[in-house]
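> Below are the sequence and a predicted model for it; my questions follow.
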Amino acid sequence: MDLLLWRHAEAVDGTPDHSRALTERGHKQARAIAAWLHKNRPRKLRVLVSPSVRTIETARAFADDFEKIATLGPDGNVAGILSATGWPDGGDAVLVVGHQPTLGRLAALLLSGQEADWTVKKGALWWFTNRVRNGETQTVLRALIPHDLA
């Protein structure tokens, strides 16, 4: 299974938090990663998005067809993402457009076996895959693409 984690691009400051839109720079960041995804994406890719404005705007740079999942919101947690995606046994590839600190905590769990406060830069994409070697399931970081290198 492939699991792609995309942190929303730069958004305006303010409240309420769920209503914060992308800045012009944020739209540029989202378009850069979207262009990279169009060239490199897995064939079958399910897109799951937090219901916040900034994540929806980030996702729309890439696709119009996505599912809004409440548990992926700013107050979500790692268990919510794992449940929504079916990692690691879900089969098809899933792209999650979400928030810090949850995406960083999930990245830490996948690579180190423990949740930790790792940072996923705004607009960045982390691509994980899993495989079985010698009867052991392994998580592999396939790509880490910051928006400025896309």
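Thanks, I have it.

> contact partners of whichever helix in the chain runs longest?
Secondary structure of the chain per DSSP state H: the longest helix is helix 24-40. Where contact means CB atoms under 8 Å, 6 or more residues apart in numbering, the residues beyond helix 24-40 that reach it are 4, 6, 8-11, 22, 54, 57-58, 60-62, 95, 122-125, 143, 145, 147-148, 150. C-beta: built from backbone N, CA, C; applies to glycine.

> and if we set it to 6 Å?
Counting by CB atoms under 6 Å, 6 or more residues apart in numbering, helix 24-40 makes contact with 9-11, 58, 61-62, 123, 125, 145, 147, 150, all of which sit outside it.

> export those residues to TSV and tack on neighbour count, distance to residue 108 and secondary structure?
Listed next are those as TSV, based on neighbours: other CB atoms under 10 Å; distance: CB to CB, whole Å; DSSP: H, G, I helix; E, B strand; the rest coil:
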residue	neighbour count	distance to residue 108	secondary structure
9	27	22	coil
10	18	23	coil
11	21	23	strand
58	30	22	helix
61	22	26	coil
62	21	25	coil
123	26	19	coil
125	24	16	strand
145	19	18	strand
147	24	21	helix
150	18	23	coil
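
> Could you find the two of those that are most distant from each other?
11 and 145 (19.4 Å; CB to CB).

> Would you mind listing where this protein has pLDDT under the threshold?
Counting by pLDDT under 70, the chain contains no low-confidence segment.

> Do a quick rundown of the strands in the chain.
In order along the chain, the chain carries the following strands (DSSP state E): 2-7, 45-49, 67-68, 93-98, 125-133, 136-145.

> is it possible to export the ones you listed to a markdown table including distance to residue 117?
Converted to a markdown table, the strands of the chain look like this (distance: least, CB to CB, whole Å):
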| stretch | distance to residue 117 |
| --- | --- |
| strand 2-7 | 14 |
| strand 45-49 | 23 |
| strand 67-68 | 26 |
| strand 93-98 | 15 |
| strand 125-133 | 15 |
| strand 136-145 | 17 |
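
> To residue 109, which of these lies closest?
Across those, residue 109 has its closest neighbour in strand 136-145 (9.0 Å, CB to CB).
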